[in-house]
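Student: next input, structure requested:
(one chain, ligands or ions: 1)
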Amino acid sequence: MIDFRRKSWVPGADSSEFPIQNLPFGIYSTSSKSRRIGVAIGSQIIDLASLAKAGHIHVPADVLNSLYLNDFIALGKKVTNQVRVDLAHLIDVKNEAFSKRADLSQFFDAMQDATMYMPIQIGDYTDFYSSRDHATNVGKMFRDPANALLPNWLHLPVGYHGRASSIVVSGTNYHRPKGQTKPVETEPPVYGPSKRVDFELEVGFVIGKETTLGQSISTKDAEDHIFGLVLFNDLSARDIQQWEYVPLGPFLAKNFCSVISPWIVTIEALDAFRVGGEIQDPKVMSYLEYEGKKNYDIKLEVSLTPENGETTIISQSNFKYMYWNMCQQLAHHTVNGCNVRVGDMMASGTISGPEKHEFGSMLELAWKGTEPITLKDGSTRVFMNDNDTCTIKGFAEKDGVKIGFGECVSKLLPAI
Ligand code: MN
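Tutor: Purely as a prediction, here's the structure:
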């Protein structure tokens with residue numbers, strides 16, 4: 001069990017979103033250090049390679065100096081969790097001996113001096129569609145309000161295979177995508193920049209243990225295959241999507257850019273935030289049945305910042321609103337024998353809550369363009385404007401301790 005009273009001697013860590021109980025993994029460099037694995041603590045990054053060199057943790061140097069976390073994650077939870085246990089021991093407030101070492105500075109780097117990179121090399125990316133409120137809202141807008149959910153939705157976690165190459169780390173900006181749209185129903189389609197660029201508030205999980213072709217993962221074993229979670233902004237071009245998606249689903253509307261937060265929060269660090277999910281009716285098939293609490297109470301927030309403008313919070317949702325949990329998603333994904341590999345990314349689908357301020361996309365917040373939202377500077381939006389910056393934040397909180405994800409930030413640049 002996580003001890004929420006535990007403190008660290010690292011200044012500011014206890015009250016930050018990266019306290020001793022979190023210790024998420026990322027990839028960073030500084031002006032004097034090459035790309036390597038780091039762990040966030042307060043406003044500092046712990047340099048694992050230098051700690052290993054000094055004999056404080058026991059992981060091969062080539063793994064720690066790697067460009068991505070994949071090889072480290074592949075060592076298995078026994079090893080990666082032991083690293084977090086060993087780190088916590090070093091930075092515990094009771095460990096005065098370590099806190100007073102003369103050579104301490106070599107093990108730490110200030111976050112503000114660091115460049116963060118994609119933490120993993122993503123082999124495959126799958127996006128689900130697992131929030132009931134989101135799927136219902138979309139169904140109401142585009143199909144039949146009386147039968148908003150399609151017939152399969154309550155029986156299986158709907159998803160599609162996305163593209164890994166265009167997933168980028170927070171801080172990477174992107175251009176307004178161009179493509180085909182059909183703005184007027186009765187006119188031919190047109191080519192040009194999308195007029196309906198949207199964000200999607202999602203949480204992604206990273207596969208930590210591979211399977212072989214033909215093997216299925218049970219809901220019981222699923223968490224053993226999940227290394228950790230990130231915030232995920234599945235940027236979407238709604239006008240391109242609407243024209244192209246029939247009959248094979250999302251394509252170019254979804255793969256021009258998706259953004260993740262740089263720190264992977266381990267599923268173990270979130271253990272105390274488990275909550276029960278919605279009762280599933282109709283009863284799910286046996287391979288989707290699960291025991292225990294498989295949803296997570298993680299507060300999520302989206303804000304929009306116009307160029308040189310004030311920031312407005314436009315959505316406040318929660319990861320607990322998922323109808324299909326991560327274990328069910330993974331069980332369904334592999335029920336046919338599809339194998340998963342370390343570093344694969346699975347995203348939740350847009351996470352909307354029941355209330356309007358909990359909707360996880362502009363499409364829903366401004367209800368397909370019919371109810372513009374007003375920002376603090378008085379301007380209105382139905383979708384994102386050029387040079388708007390979208391920021392997702394997320395954290396779980398208990399007894400005054402925050403387990404945070406950092407930020408997932410990206411700016412929409414004009415079309416090239
Ligand atoms: Mn999505």
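Student: for the residue of the stretch 151-300 of the chain found nearest the ion, what are its contacts?
Tutor: Nearest to the ion, among the residues of the stretch 151-300 of the chain, is residue 234, at 3.5 Å (CB to the ion). Yep, even glycine has a C-beta here, placed from its N, CA and C like the rest. Residue 234 makes contacts with 127, 162, 199, 200, 202, 254, 258, 347, 350, as judged by CB atoms under 8 Å, 6 or more residues apart in numbering.
Student: nearest to residue 135 among the residues you listed?
Tutor: Taking CB to CB as the measure, residue 135 sits nearest to residue 350 out of the contacts of residue 234, at 8.7 Å.
Student: that closest one: neighbour count?
Tutor: Neighbour count of residue 350, defined by other CB atoms under 10 Å: 29.
Student: try the one 10 residues further on
Tutor: Around residue 360 there are 29 other residues, counting by other CB under 10 Å.
Student: that one: what's it in contact with?
Tutor: Applying CB under 8 Å, 6+ apart to residue 360 gives the contacts 131, 134, 200, 201, 202, 300, 302, 315, 317, 350, 351, 352.
Student: and residue 65, by the same measure?
Tutor: 34, 35, 36, 37, 49.
Student: with residue 386 instead?
Tutor: Counted by CB under 8 Å, 6+ apart, residue 386 has contacts 176, 412, 413, 414.
Student: contacting residues for the nearest residue to the third one once chain neighbours are set aside?
Tutor: Of all residues not flanking residue 413 in the chain, residue 175 sits nearest, at 4.8 Å (CB to CB, 6 or more residues apart in numbering). Contacts here follow CB under 8 Å, 6+ apart; on that basis residue 175 touches 256, 412, 413, 414, 415, 416.
Student: now pLDDT too, for the contacts of residue 360, in TSV please.
Tutor: Output for the contacts of residue 360, formatted as TSV (pLDDT from 0 to 100):
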residue	pLDDT
131	97
134	97
200	98
201	98
202	98
300	98
302	98
315	98
317	98
350	98
351	98
352	98
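Student: ok, longest helix in this protein?
Tutor: Longest helix in the chain by number of residues (criterion: DSSP state H): helix 77-91.
Student: just the C-alpha atoms of it, please, in CSV.
Tutor: Taking Å, rounded to 0.1, in the frame of the first residue of the first chain, the C-alpha atoms of helix 77-91 are listed here in CSV:
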residue,chain,number,x,y,z
LYS,A,77,7.6,-4.6,-13.3
LYS,A,78,9.7,-6.4,-10.7
VAL,A,79,12.7,-4.4,-11.8
THR,A,80,11.0,-1.1,-12.7
ASN,A,81,9.0,-1.1,-9.4
GLN,A,82,12.2,-1.9,-7.5
VAL,A,83,13.8,1.2,-9.0
ARG,A,84,10.9,3.3,-7.6
VAL,A,85,11.3,1.6,-4.2
ASP,A,86,15.1,2.3,-4.2
LEU,A,87,14.6,5.9,-5.3
ALA,A,88,12.0,6.6,-2.7
HIS,A,89,14.4,5.3,-0.1
LEU,A,90,17.1,7.7,-1.3
ILE,A,91,14.8,10.8,-1.3
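Student: run the chain-centre distance for whatever helix or strand comes next after that helix.
Tutor: The helix or strand immediately downstream of helix 77-91 is helix 96-99, counting by DSSP states H and E. Here helix 96-99 is found 35 Å from its chain centre; the criterion is CA atoms, centre = their mean, to the nearest Å.
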